[in-house]
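Asks: I'd like to go over a predicted model; first the sequence, then the structure.
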Amino acid sequence: MGQFKRHVFVCTSGEYCPFEGSAAIHQFLKEGVQARGLKSTTRVNKSGCLDQCGHGPMVVVYPEDVWYGAVSPEAARRILDEHLAGGAPVEELRYRAAKPGANKNPQRMAAIDKLKAGSDPAAP
């Protein structure tokens, strides 16, 4: 076994995950791992883009290869408590893409772009 039992990656790069609060999710998981005494076995890292734009914030846990999408603060708490501390992936929160590789959500990306530009995401 390597230095850590688990590696957790939170997308904090690109144009979309940061806009949806990924920095706060990263900080919450990092602090939660430390508070639960898991710092010696679980490493929480910022990651670059995971090519799932519009489905974020994205969180990936290895070595289990469990992906979580649209991670809210409540979802992050469950991932921390049930998966990282409890050892069982949170099945109903798992992100399962239609296909391996890049899976971008153009509609959500366009809505975020409109929000960032200060316009109504529902406008045509």
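Replies: The structure has been received and is ready for your questions.
Asks: hmm, Arg78 is touching Glu92, no?
Replies: No - Arg78 lies out of contact with Glu92 (Cβ atoms under 8 Å); the separation is 9.0 Å. All C-beta atoms are positioned from the backbone trio N, CA, C, and that covers glycine.
Asks: which of those two has more neighbours?
Replies: Arg78 (16 against 7; other Cβ atoms under 10 Å).
Asks: what's the helix or strand for the more buried one?
Replies: Arg78 is part of helix 73-78 when elements are defined by DSSP states H and E.
Asks: quick one: low-confidence parts of the chain?
Replies: Applying pLDDT under 70 to the chain flags residues 1, 119-124.
Asks: for it, just list every one of the helices.
Replies: 22-35, 73-78, 106-117 (DSSP state H).
Asks: highest mean neighbour count out of those?
Replies: Burial of the helices of the chain is given as mean neighbour count (mean count of other Cβ atoms under 10 Å); helix 22-35 ranks first at a mean of 18.
Asks: elements contacting that helix?
Replies: strand 6-11, strand 42-47, helix 73-78 (3 or more Cβ pairs under 8 Å, 6 or more residues apart in numbering; DSSP states H and E).
Asks: is it possible to get JSON lines of these that adds distance to Ala111?
Replies: What follows is those, written out as JSON lines (distance: least, Cβ to Cβ, whole Å):
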{"stretch": "strand 6-11", "distance to Ala111": "18"}
{"stretch": "strand 42-47", "distance to Ala111": "23"}
{"stretch": "helix 73-78", "distance to Ala111": "20"}
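Asks: residues contacting Cys49?
Replies: Cys11, Ser13, Gly14, Cys17 (Cβ atoms under 8 Å, 6 or more residues apart in numbering).
Asks: then Ala24?
Replies: Pro73.
Asks: what distance do you get for it to Leu38?
Replies: Distance from Ala24 to Leu38, counting by Cβ to Cβ, to the nearest Å: 19 Å.
Asks: same question, Trp67
Replies: For Trp67, the distance to Leu38 - Cβ to Cβ - is 20 Å.
Asks: quickly list what Asn45 is bridged to.
Replies: Beta-bridge pairing of Asn45 under DSSP bridges involves Phe9.
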